[in-house]
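Student: after the sequence you'll find the predicted model.
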Amino acid sequence: MTKPSYYAPTGGHPDQHSLLTDRAVFTEAYAVIPKGCMRDIVTSFLPFWEGTRLWVLSRPLSGFAETFSQYIMEVQPGGGSDRPELDPLAQGVLFVVEGGFTLTIEGEAHTLEEGSYAYLPAGARWTVQNGTKAVTRFHWIRKSYEAVEGLDHPEAFVVNERDVAPTVMPDTDGKWATTRFVDPSDMRHDMHVTIVTFQPGAVIPFCETHVMEHGLYVLEGKAVYRLNSDWVEVEAGDYMWLRAFCPQACYAGGPGPFRYLLYKDVNRHMTLPVAGR
């Protein structure tokens, strides 16, 4: 198996001679944030994080993401946080795309490196410390946990992508596969964060139209993606947000695999309006 590649932004600014035209798109049904948008001027900072900045890829907002937020965190050597999550209802997933750090969950230390994946349940006590000599960059996806009476809360866990066998989609000749870090039948989980891989020339052969909201960060490769009624070109480092029911499909362009980190909300009833409100 070819070693996976993980694109990570580095910031900086283009020179004064560059054209302003880019591929950024924001619509009611989808958004595309190209890698060229992730510059120094659009970074943010968080309370109780030292030596850290972040790119906010999505956040709950009218007409935008409804169920989740997604960040790319950049932590300098010696940086990190002893109070990373201030919302007791927020669960999280961390996925490392460059470097590494020590993640401590309920007093147990874990060494994370490129390809590492960590699930952090709501209310868990955890810390991040970059004790290496290199900058580390990782995704942090957050969602308010929807507890269900009679279902236990899921436990924290840490794993690396290389230790999880991808599940090949039926009738695709092995060209389309999903690396699942959580069993889809585990009803305790109300979100899935997976890695989807297409071999060169592979396709999603129909326009998916479904209730799950998506965040897609391209880790590797390039493709032409169908978003609502538009075809857009995307490549490693680009981010896409797809509203629920937004039609979607793609062609993987090659010459190597096309891979992305995918968020979706799952396994819960649809919230209904309350009469009189």
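Tutor: It's in.
Student: skipping adjacent residues, who's closest to residue 27 in space?
Tutor: residue 228 (7.0 Å; Cβ to Cβ, 6 or more residues apart in numbering). For glycine as for every other residue, the C-beta is placed from the backbone atoms N, C-alpha and C.
Student: contacting residues around that neighbour?
Tutor: 27, 29-30, 246-247 (Cβ atoms under 8 Å, 6 or more residues apart in numbering).
Student: whichever of these end up buried, select them in PyMOL.
Tutor: If you want just the buried ones from the contacts of residue 228 in PyMOL, going by 16 or more other Cβ atoms under 10 Å, the selection is:
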select buried, resi 29+30+246+247
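Student: residue ranges with poor pLDDT in the stretch 51-200 of the chain?
Tutor: Nowhere does the stretch 51-200 of the chain drop to pLDDT under 70.
Student: quick one, strands of it?
Tutor: 69-81, 90-98, 101-105, 108-112, 116-120, 126-129, 136-144, 157-160, 167-168, 176-179, 191-198 (DSSP state E, counting those that start in this stretch).
Student: would you mind giving those as CSV with mean neighbour count and distance to residue 254 added?
Tutor: Listed next are the strands of the stretch 51-200 of the chain as CSV, based on neighbours: other Cβ atoms under 10 Å; distance: least, Cβ to Cβ, whole Å:
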stretch, mean neighbour count, distance to residue 254
strand 69-81, 20, 26
strand 90-98, 22, 22
strand 101-105, 20, 33
strand 108-112, 14, 31
strand 116-120, 23, 26
strand 126-129, 20, 36
strand 136-144, 22, 25
strand 157-160, 14, 26
strand 167-168, 13, 19
strand 176-179, 19, 14
strand 191-198, 22, 10
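Student: quick one: residue 66 and residue 211 touch, right?
Tutor: No: judged on Cβ atoms under 8 Å, residue 66 makes no contact with residue 211 at a distance of 11.4 Å.
Student: who has more neighbours, those two?
Tutor: residue 66 (13 against 10; other Cβ atoms under 10 Å).
Student: and the more buried one, how far is that from residue 122?
Tutor: 18 Å (Cβ to Cβ, to the nearest Å).
Student: now swap in residue 275 and tell me
Tutor: Where residue 122 is concerned, residue 275 sits at a distance of 29 Å (Cβ to Cβ).
Student: then residue 8?
Tutor: 27 Å.
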